[in-house]
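Participant: Curious how this folds, go ahead:
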Amino acid sequence: MPKAAKLVAMAFALALILGSAAARAASPLIGTVLMVGQIEWFQTIEMGMRAAAVKYGAQLAVANAEGDLGKEAQGVDDLVARGVKALIMTPLSRTASVPALQRASAAGVKLIFYNTRIDSPLLTTYVGVDNRELGTMMGTYVDKYVTTKLGGKAKIALLTVPDFPESRARRDGFVAELKKVPGIQIVAEQRGELPDASANTLETILQAHPDVQLVWSAVEGGLVGSITARRSLGLSNLKLFGTDMSLQVARALLDPTSGVLAVATQDPYAIGYKTMQLAIAAVDGKKVGGTYAIPLQLFTADHPEAVRAYLKKFHSLETHQTGQ
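Facilitator: Below you'll find the predicted structure:
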């Protein structure tokens, strides 16, 4: 090839490289509206999103619905106004969350869902777990505990979240397993989602049913509330089981005075990371539709090494994110 032709080819290749780099330097803004940003489980999801955003060249804008549909809709609209190219969502309602998301979609925003769903054709890409299996995992552990430690008989109270099909599936899987041990009696079931409200609810249950030996919480906030209520009432023999891991829950598993024996969980960091990957891919024009399953895990007080590994991982991620 003549020297002049080589120079032209090199210049053309360099222009392509620089053009591509310039396009990617304008990193896409991805938005998310956290269902309840104060809960550590959602904070860990946000950490996963931020890590993936750094790795794949994007920015993250966060809004907090605080469990309120009005704030969720306002958060969606605000993020669209800021120019987000994609929204990562765990909707508060299968129906009431739809109008705001329709507005976002009409504005050209890509939608990625996790944890909860909507009744709408807008839901094409979803990241989550089999929630019934998650409940079954915990129920199997409780069955074994009651059979081996309590002679096959126990009274249990449940803190559940009936609003969402996903959490109902979790509860149904747990209860179906308990039925395999005839000596297990469910004496109370009340709503338990946020820590403070769950603590108050459980205290009321335990005052009415002082013979309750076990408590299962369907979500992390309910378990944190259970720990508080147990400590407040001084019930050292009450044993706690829960769903969804967090830094606070991990510490409780390592603390013999907390009463927490086991936690079945979906990996919130992995969920956040995967949703961000998909959001960026969607913005880049790639096909991402489908359901993406996140593996389940079981952490128990009698296997502290796994809990310590979780804590170490969490702290390393936390340090990475804060730059400390």
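
Participant: Let's check: the centremost residue of the protein is which one?
Facilitator: Closest residue to the average C-alpha location of the chain: Pro268 at 4.4 Å, with C-alpha atoms, centre = their mean.

Participant: Would you quantify the distance from that residue to Leu214?
Facilitator: To Leu214, Pro268 is 25 Å away according to C-beta to C-beta, to the nearest Å. Heads up, the C-betas are built off the backbone N, CA and C, glycines and all.

Participant: Excluding chain neighbours, what is closest to the residue nearest to the centre of the chain?
Facilitator: Thr44 (4.0 Å; C-beta to C-beta, 6 or more residues apart in numbering).

Participant: Give me the pLDDT for that neighbour.
Facilitator: Residue-level confidence at Thr44 comes out at 88, pLDDT.

Participant: helix or strand for it, which one?
Facilitator: Per DSSP states H and E: Thr44 is located in helix 40-56.

Participant: Helices of this protein, start to end?
Facilitator: 3-25, 40-56, 69-81, 98-106, 131-149, 165-178, 195-208, 220-233, 247-253, 268-283, 304-322 (DSSP state H).

Participant: Columns distance to Asp119 on top of those helices, output as CSV?
Facilitator: Listed next are the helices of the chain as CSV, based on distance: least, C-beta to C-beta, whole Å:
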stretch, distance to Asp119
helix 3-25, 36
helix 40-56, 23
helix 69-81, 15
helix 98-106, 7
helix 131-149, 17
helix 165-178, 10
helix 195-208, 27
helix 220-233, 25
helix 247-253, 31
helix 268-283, 20
helix 304-322, 34
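
Participant: Pull the number of nearby residues for Arg82.
Facilitator: By other C-beta atoms under 10 Å, 11 other residues sit near Arg82.

Participant: these two touch, right, it and Leu60?
Facilitator: No. At 11.6 Å, Arg82 and Leu60 do not qualify as touching, with contact defined as C-beta atoms under 8 Å.

Participant: so what sits against both of those two?
Facilitator: Common contacts of Arg82 and Leu60 (C-beta atoms under 8 Å, 6 or more residues apart in numbering): Leu29, Gly31.

Participant: Please parse the protein into its domains.
Facilitator: 8-130+268-295, 131-266 (automatic domain parsing).

Participant: now, of these, which is deepest in the fold?
Facilitator: Among the domains of the chain, domain 131-266 has the highest mean neighbour count (mean count of other C-beta atoms under 10 Å), at a mean of 20.

Participant: What is the end-to-end distance of it?
Facilitator: From its first residue to its last, domain 131-266 covers 9 Å (C-alpha to C-alpha, to the nearest Å).

Participant: follow-up on the earlier one: dump the domains of the chain into a markdown table; add distance to Tyr310 as well.
Facilitator: What follows is the domains of the chain, written out as a markdown table (distance: least, C-beta to C-beta, whole Å):
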| stretch | distance to Tyr310 |
| --- | --- |
| domain 8-130+268-295 | 10 |
| domain 131-266 | 5 |
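
Participant: Looking at those, which is nearest to His315?
Facilitator: Checking the domains of the chain against His315 by C-beta to C-beta gives domain 131-266 as the closest, at 8.2 Å.

Participant: what's the nearest residue to Glu66 once chain neighbours are set aside in contact with, if anything?
Facilitator: In space, and not counting its chain neighbours, Glu66 is closest to Val36: 6.2 Å by C-beta to C-beta, 6+ apart. Shown in contact with Val36 (C-beta under 8 Å, 6+ apart): Phe42, Asn64, Ala65, Glu66, Gly67, Leu194, Gly221.
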